[in-house]
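> Show me how the following folds:
(2 chains)
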Amino acid sequence: MGIKRSNTLIACMLAASMLLAACSSSKAGGGEAKPESGGKPAEPAKTEQNGALAKYNPPITLHIARSSSQNWKYPKGDDLNNNIWTRAYEEKLGIKLALDWTAEDGSTYDQKMNVSIASGNLPDLFTVNATQLKQLADAGQLADLTEVYNKYASPLTKQNMNSDGGLGLKSATFGGKLLAIPSINANIYSPSLLWIRTDWLKKLNLPEPKTMQDVYAISEAFTNKDPDGDGKKDTIGLGLSKTLLNAGVGELNGFANAFHAYPTLWIKGSDGKITYGSIQPQMKAALAKLQDMYKSGQIDTEFGVKDTAKLGEDIASNKLGMLFGANWLPYLPLIDAVKKNPGMDWKAYAIPSVDNEPAKAGVAFPTYAYVVVRKGYEHPEAAVSMLNLYQDTRFKTPVQAVNPFETVEENGNRIETVKYAVVQSALGNDVVVKALKLLREALQKDDKSVLKDALKETDKFDPVRAFQKNGDMAYWSQGRQFNAYEVLLDNYTGDKLLTTEFGGRTQTMGEKWEALDKLEKETFTKIIMGTSSVDEFDNFVATWKKLGGDTIIKEVNDWLASQN
Amino acid sequence: MISFKWRRELPLHAMILPGLVLVLIFSYMPMFGIVIAFQKFTPFHGWFGSPWVGLKYFEEMFNRPDTMQVVWNTIYIATMKIAAGFIVPILVALLLNEVNRAWIKRGIQTFIYLPHFMSWVILGGVLVDILSPSEGIVNALLKAAGLKPIFFLGNLDWFPRVLVISDVWKEFGFNTIVYLAAIAGINPTLYEAAIMDGANRWKQTLHVTLPGMLPIMVLMATLSLGNVLNAGFEQVLVLYSPSVYQTGDILDTMIYRMGLQSFQYSLATAIGLFKSVVSFILISVSYWLAYRFANYRIF
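Reported below is the predicted structural model:
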């Protein structure tokens, strides 16, 4: 009869986690004691001559929890529990995987992991986010990996794990102990670039954007000068999605960067202290300009309810010609629009600046996933062993152009197999920038052999070449992404790439962040839509600070000070 | 004699056991979890290891600038839903009752009942499309009528109304069937007598049908009052956005963001407990009113 549906739902979820917590807290206590009281220390793993771990004999069984997706495809006969990676773990390392549970990648997995953490029912090895890592570390639930990492990580592994300048490993270290294997990424890929529909630019005789004034002019022209030529005023200047920040498609970040504002990032203030990017006066200026653009019809009145998929539909139906987004925009959503509309073309541009000082790109923390081992598990070194295998398979030079551990071709379909790996860590900026430079050099010289030292992006050479030489539209995405890579290389290396100073989560953040985040999103959306005046920003800053922001800023500074 | 009766009825009494056990396990045992509202709860330390903090989280709840706004939104949206969800099915049931052809009646009945089976996740996507100011069919009609298009899901005033209207649209079919059943149960001799007294259809409806439905109406109303702080979690979650937080954020979505997205178990539980206590008071009052004015008792 519909009585108390949602109420019950929440009550049940909380109740379930409470019950589990109650049932298993005793179990966890008992389990912890076992390996120690057994008197037998964990069997020391044998090492091979190169220092790497030998195969476990007899094989060990490792209980894991991992994310996966309904959309993943597998080669015939394979599945999540039996694929090229699981077989390699078993055959090469002597590690048998037992999947305790899996959940859809993203928030579903995070929530299920939260329940698992709350219940204390942890697998041997699993992936967590920064918040969960901090929670587990504070509770002392994680195995110390310092020793096994130093001892067993291969030289290649160590090189790549440090290729982000040590940021990732530092974020996984608590009180001098390495408690997780960070998943290293390169945030040179992260800047929000300015993507413009170049066929519209040509049609309206507009110059490529050098300054923000040019951007405003383009936005104005795209809105009012009927770039799609259907005689109707049905186009918008600048695309925004409802997520606003860090959406990848139609995000505010790049626009704010042009104003030297760095929303959602922890940045160094003029006094040398770390402060929060979203509350700086530069942000107010960016929002004020967006409000103007909204008022004059250059921003979709409905952006507040449009997700990135809807934005893609607008692009495909010729409504939108400019937005800020990541380097991978050609793959999603642009290629679909280009296929549907012959003649449509897009290019990435560096973020212009509102003044003489060039704009920097503000990027998030490169590491957001961590592999951890539960405390008390007998073979914490297995995690390092699996990491070595991953690094060896993917990043040994010369990198294999066709690597079954990355992609497999079956019946003309490309199946990505690298996703199945349980312990993953990619490459940091140092290695990636080098690879991108080699790719550019190879294309300029038209000589593939230049790529022999590149650890990444070698697979891009042939497609990009085909696009550049022959204009092969089948490789439009790769070709245009390469243009974006060039923009990244030319503009956002070194100190032009502003990485957030802090990627963890402090005590007060745990308690107050939800409220502060809500306040921020609500205020920004309302200012852009004009339902709040621009001066509301000052109230927002004051409220934000009062509601715990000040405490959090202090905690972040203390946290960073304690690391130096 | 008594023991014989007792023995004969024992199996019948035993049939209540499974239900009772389930209620105990799923409704009463979890109530012990309420203690975490008074603790600085961390899952690893559990109920016994987490330190007691008294009313800290209740204070925190009221220190949040948006709590009162969210409580008000919840009550406002839920009350509107209860009121509209009460009146609409009765009207529809009365009108359907006047339809003579059984197949039309049954057809309409099935048709309006259908949305009840659809998930809000799907209906949410549908609503975003049909309510869009630029392309949606609703605004196309408004424009054709010479009116200005309305941004239903982004407008602070309209958002709660959209919630109420769409919820009623989704759920009124079910209650309509309940009322139709009540109408079918009215003794036909009453109508015959009314006709003899010269009552037309309207008078019959007023003096026979409505009084005949009254017990069910009071029952449905009293039961629905239990929802006075349930403004519809799934529905709001799929439809709201930061631009309408001010009038659209409700207690359940706040608890969801807090408990399952930011791990603030204690604060989320405190708010949940607050919600339950307020609901309890409101239900008690409404039950008493129902007894007092409609002389109706459930228990």
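> Which of the three states applies to the nearest residue to B:Ser243 once chain neighbours are set aside?
Distances taken as Cβ to Cβ, 6 or more residues apart in numbering or on different chains put A:Gly304 closest to B:Ser243, at 3.9 Å, once the chain neighbours are dropped. C-beta coordinates here come from the backbone N, C-alpha and C atoms, glycine included. For A:Gly304, the assignment made with DSSP: H, G, I helix; E, B strand; the rest coil gives helix.
> per-residue pLDDT, residue 27?
Answering for chain A, as no chain was given. pLDDT, A:Lys27: 35.
> nope, chain B please
At B:Ser27, pLDDT is 88.
> Over to A:Gln507?
79.
> Look up how far A:Gly548 lies from it.
Separation of A:Gln507 from A:Gly548 (Cβ to Cβ, to the nearest Å): 10 Å.
> Next: A:Thr499.
24 Å.
> and those two? which has more neighbours close in?
Taking other Cβ atoms under 10 Å in any protein chain shown, A:Thr499 and A:Gly548 do not tie; A:Thr499 has more neighbours (22 against 19).
> which residues sit in contact with that one?
A:Leu167, A:Asn187, A:Val363, A:Ala364, A:Phe365, A:Pro366 (Cβ atoms under 8 Å, 6 or more residues apart in numbering or on different chains).
> Pull the number of nearby residues for the last one.
Counted with other Cβ under 10 Å, the neighbours of A:Pro366 add up to 25.
> What does the pLDDT read for it?
The model's pLDDT for A:Pro366 equals 90.
> In three-state terms, label it for me.
coil.
> I'd say it and A:Gly166 touch.
No - with contacts counted by Cβ atoms under 8 Å, A:Pro366 stays clear of A:Gly166, the gap being 11.2 Å.
> Buried ones in the least confident helix or strand in chain B by mean pLDDT, by neighbour count?
In chain B, no helix or strand scores lower on mean pLDDT, DSSP states H and E than helix B:46-49, which sits at a mean of 78. Judged by neighbour count using 16 or more other Cβ atoms under 10 Å in any protein chain shown, the buried positions of helix B:46-49 are B:Gly46.
> residue ranges of the strands in the stretch 151-300 of chain A, please?
Applying DSSP state E, counting those that start in this stretch to the stretch 151-300 of chain A gives strands spanning A:173-174, A:177-178, A:181-182, A:193-197, A:266-268, A:274-276.
> okay if I get those strands as JSON lines plus mean neighbour count, distance to B:Gly212 and mean pLDDT?
Shown next, in JSON lines, are these (neighbours: other Cβ atoms under 10 Å in any protein chain shown; distance: least, Cβ to Cβ, whole Å; pLDDT from 0 to 100):
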{"stretch": "strand A:173-174", "mean neighbour count": "18", "distance to B:Gly212": "71", "mean pLDDT": "88"}
{"stretch": "strand A:177-178", "mean neighbour count": "18", "distance to B:Gly212": "75", "mean pLDDT": "93"}
{"stretch": "strand A:181-182", "mean neighbour count": "27", "distance to B:Gly212": "71", "mean pLDDT": "96"}
{"stretch": "strand A:193-197", "mean neighbour count": "25", "distance to B:Gly212": "66", "mean pLDDT": "97"}
{"stretch": "strand A:266-268", "mean neighbour count": "17", "distance to B:Gly212": "68", "mean pLDDT": "94"}
{"stretch": "strand A:274-276", "mean neighbour count": "21", "distance to B:Gly212": "64", "mean pLDDT": "95"}
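> for the ones you listed, which one sits closest to chain B?
strand A:173-174 (15.3 Å; Cβ to the nearest Cβ).
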